[in-house]
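Student: Prediction below, plus the sequence it came from.
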Amino acid sequence: MTQMQPVGRLRLRGYARLVVAVVALATVAVAAWFSFRVAQDVVNPKRNLTISYFQELGAGDSAAGYAFEGLRDVTEQTCPQTDECVEAAQSDRASFYRFSDPARAEAFAASLEDAYASDRIVIDFSRHVWSSSGREQAKRALDETWSSD
């Protein structure tokens, strides 16, 4: 029986090493995943920006805020009819759509009469008569929001 104890200890040590290796590997995997997610947010902060973020612009007196005045959520009514739409809103002067992917937003904007895509968000200008400077200010508000955070 005395001879079995060292063999048992060796097995126990082997299991302990295996557990330590699995825990270390899991820790590395979680750290890598977390680093990847943080890097995505640093490289592409637009990924998580929602249309509702722009409601504050509509409350201000800025020229860009003109596009966002009266912004209200219409996701439930609008997104089921639009592929990969994850959020939709309508203001007094424009319609806004957010998509899961920038390529889908570009394709949707191209299908509209008067629209602009900025990453995942599309602004549809066709509901209102826009001056060229007003249109440019609304586009700039979408584009520059990403770099201000």
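Tutor: Structure's in. What do you need?
Student: State the pLDDT value of residue 109.
Tutor: In this prediction, residue 109 carries a pLDDT score of 94.
Student: got the contact list for it?
Tutor: Applying Cβ atoms under 8 Å, 6 or more residues apart in numbering to residue 109 gives the contacts 115-117, 122, 124. For every residue, glycine as well, the C-beta is placed using N, CA and C.
Student: Of all pairs in those residues, which one is the farthest apart?
Tutor: Maximum pairwise distance among these (Cβ to Cβ): 10.1 Å, between 117 and 124.
Student: Specify which residue of those two has the higher count of neighbours.
Tutor: residue 117 (22 against 19; other Cβ atoms under 10 Å).
Student: Regarding that one, what is its secondary structure?
Tutor: Under DSSP: H, G, I helix; E, B strand; the rest coil, residue 117 falls in the strand class.
Student: count of residues packed around residue 118?
Tutor: Residue 118 has 22 neighbours, counted by other Cβ under 10 Å.
Student: What sits closest to it if chain neighbours are left out?
Tutor: residue 142 (3.9 Å; Cβ to Cβ, 6 or more residues apart in numbering).
Student: could you pull out the helices for the chain?
Tutor: Ranges of helices within the chain are 4-43, 55-59, 75-78, 102-111, 132-148, based on DSSP state H.
Student: Next, the buried residues of the fourth one.
Tutor: It stands for helix 102-111. By 16 or more other Cβ atoms under 10 Å, the buried positions in helix 102-111 come out as 102, 104-106, 108-109.
Student: One more: the last one?
Tutor: Taking 16+ other Cβ under 10 Å as the basis for neighbour counts, the residues of helix 132-148 that come out buried are 134-135, 137-139, 141-142, 145.
Student: Just the pLDDT for the residue nearest to residue 118.
Tutor: The model's pLDDT for residue 142 equals 80.
Student: picking that back up, if we only consider the buried residues of helix 102-111, which is nearest to residue 128?
Tutor: Closest approach between the buried residues of helix 102-111 and residue 128, by Cβ to Cβ: residue 109, at 16.6 Å.
Student: Distance check, that closest one against residue 99.
Tutor: The gap separating residue 109 from residue 99 is 10 Å, by Cβ to Cβ, to the nearest Å.
Student: any residues in contact with both of these two?
Tutor: Taking Cβ under 8 Å, 6+ apart as the contact rule, residue 109 and residue 99 both touch residue 122.
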